[in-house]
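>>> Give me coordinates for this.
(chains A, B, C and D)
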Number of protein chains: 2
Amino acid sequence: MSDDGARARLEIPLVLRRLTVELDAVGGRFASTHGLNRTDVRALVAIMDAARGGEPITAGRLGAAVELTSASTTALLDRLERMGHLRRVRDPQDGRRVVLEMSESAMAAGAEHFGGLQRGLAAAMEAYTDEELELVSRFLRDMVDVAGRYARSDGSREAQN
Amino acid sequence: MSDDGARARLEIPLVLRRLTVELDAVGGRFASTHGLNRTDVRALVAIMDAARGGEPITAGRLGAAVELTSASTTALLDRLERMGHLRRVRDPQDGRRVVLEMSESAMAAGAEHFGGLQRGLAAAMEAYTDEELELVSRFLRDMVDVAGRYARSDGSREAQN
DNA sequence: GGTAGATGTCTCGATCGTCGAGAGATCTCA
DNA sequence: TGAGATCTCTCGACGATCGAGACATCTACC
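Presented below is the predicted three-dimensional model:
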């Protein structure tokens, strides 16, 4: 192994964590400029992700995603609905469920805030070739898999490969 | 641009966000297994980072790092100190300052929890060559720079290159 | 059909984290 | 030495979260 390779192996975990700190700070700034707290932002992200995936999320599943009790989830939704960031819609298929729809204004605010970051990332990626970006993308997906295993392992033993 | 390259350019921002979500979840699990909240974990990370850098952090600088008021920072430190995760030490050079030292037990708990993740990441990196990892590391540092600019830009205009 | 249990959301009261305002101690510099 | 700046802490208020439980709806079995 070359010295540079050894250095990269040590640095990458550190840089990954710094990256999460910085991206978290971007979210924090979005929160403060819109009068939201961190939980609210995490919830909006989860709702937007679900909407992008085609299947809007329900109140209960949102609570699980952001790790809140049902009482806290209700309060969270009250806040976001009162601010006009989402609508609660009764599921016609299952009258117990409440499905969540983000408002157009919330979508626009998100696009406005994170669009700049998105463009910055795109600009930085210009310095890389297609092949390099494919490699990076594959690497990042590997990291997501590893992190996902440790995030959800039960803690009684090491996460498995 | 090849199709795969175009796809990677679209995917990388998404994967980056998924990665932050997963790594955040790892931290959340650490929090819940140790009776901490997310702010506590962010604070411990900041304190540990500073300690690793050689210059232990002060109460005020920690508050700035985790974006809390001085009142909240005092309460945060009270919590962590009561749990035995840190010690407050008066700065002999400046009697107003309180420098923060993590306890050995907190360091050990962190190492135990995140060591598994670290080993998982190292194992995943085995599948890559030194040159590939150097590229990935460089790419991630670029992303940190971009994110850092957007995290700290004043919002009145786009962050500059 | 009807009933029992499971499921999803909400309400209520209590607790804890965060804030704004300001006090007290210490440092800096004229 | 004194005035202002800086750093941390205290106090009271507010808001986010929780646990327990109520209520409506769905599912499955008789």
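
>>> Tally up the residues packed near A:E55, please.
Neighbour count for A:E55, taken as other C-beta atoms under 10 Å in any protein chain shown: 10. The C-beta positions use only the backbone N, C-alpha and C, and glycine is treated the same way.

>>> helix, strand or coil for it?
Put simply, A:E55 is coil when judged by DSSP: H, G, I helix; E, B strand; the rest coil.

>>> and the gap between it and A:R61?
Note on A:E55: its distance to A:R61, by C-beta to C-beta, to the nearest Å, is 10 Å.

>>> now swap in A:M102 and tell me
Remark: distance between A:M102 and A:R61 (C-beta to C-beta) = 15 Å.

>>> For chain A, what lies in contact range of DNA strand C?
Within reach of DNA strand C by C-beta under 7 Å from any atom of the strand, chain A has these residues: A:58-61, A:63, A:70-71, A:73-75, A:77-78, A:88, A:94, A:96-99.

>>> Which of those fall within helices?
Of the residues of chain A next to DNA strand C, the ones assigned to helices by DSSP state H are A:A59, A:G60, A:R61, A:G63, A:S70, A:A71, A:T73, A:T74, A:A75, A:L77, A:D78.

>>> Just the element for the residue most central in space within chain A, please.
Nearest to the geometric centre of chain A sits A:V45, at 5.3 Å (C-alpha atoms, centre = their mean). In the assignment (DSSP states H and E), A:V45 maps to helix A:38-52.

>>> separation between the one residue in chain A that gets nearest to DNA strand C and DNA strand D?
Going by C-beta to the nearest atom of the strand, DNA strand C is nearest to A:G60 of chain A, at 2.2 Å. From A:G60 across to DNA strand D, the span is 11 Å (C-beta to the nearest atom of the strand, to the nearest Å).

>>> residues touching that residue, list them.
A:S70, A:T73, A:R97 (C-beta atoms under 8 Å, 6 or more residues apart in numbering or on different chains).

>>> again, but for A:L121
A:L121 touches B:I12, B:P13, B:L16, B:M143, B:V146, counting by C-beta under 8 Å, 6+ apart.

>>> could you redo the last one with a cut-off of 7 Å?
Neighbouring residues of A:L121 by C-beta atoms under 7 Å, 6 or more residues apart in numbering or on different chains: B:P13, B:M143, B:V146.
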